[in-house]
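*Asks:* model this:
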Amino acid sequence: MDILIKPVVTEKMERLTDKLNQYGFIVDKRANKLQIKKAIEELYGVTVDSVNTMRYAGKVKSRYTRTGVLVGRTNSYKKAIVTLKEGDKIDFYSNI
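*Replies:* This is a model prediction of the structure:
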């Protein structure tokens, strides 16, 4: 099971990173906090202080076309907010 799917890089997460040293990740829905902590510490070589998780349910979306209404659904996902130990940082842009 691949635990970390992708980092969340938004303006709101950038503010949390600057103020509180917190980073956001989209993670596997079946992963628990201990698995997330271990995966981040191994991948980035940092010390994780705490992990907060939240589950988002998929939403029903519809759009109106010439042929009628198309109804679809967005995927549900799990997001983890990870607080790092003071002095640790994750640089997402180092490989660019």
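*Asks:* From what I see, T83 and V46 are in contact.
*Replies:* No: taking contacts as CB atoms under 8 Å, T83 lies outside contact range of V46: 10.7 Å. C-beta coordinates here come from the backbone N, C-alpha and C atoms, glycine included.
*Asks:* On the pLDDT front, check the residue nearest to the spatial centre of the chain for me.
*Replies:* For the chain, the residue nearest the mean C-alpha position is F25 (2.0 Å; CA atoms, centre = their mean). The per-residue pLDDT reported for F25 equals 97.
*Asks:* List phi and psi for it.
*Replies:* The phi/psi pair for F25 (degrees, to the nearest 10) reads phi -140, psi 140.
*Asks:* and the closest residue to it other than its chain neighbours, bridged to which residues?
*Replies:* In space, and not counting its chain neighbours, F25 is closest to A80: 5.0 Å by CB to CB, 6 or more residues apart in numbering. Per DSSP bridges, the residues bridged to A80 are F25, T53.
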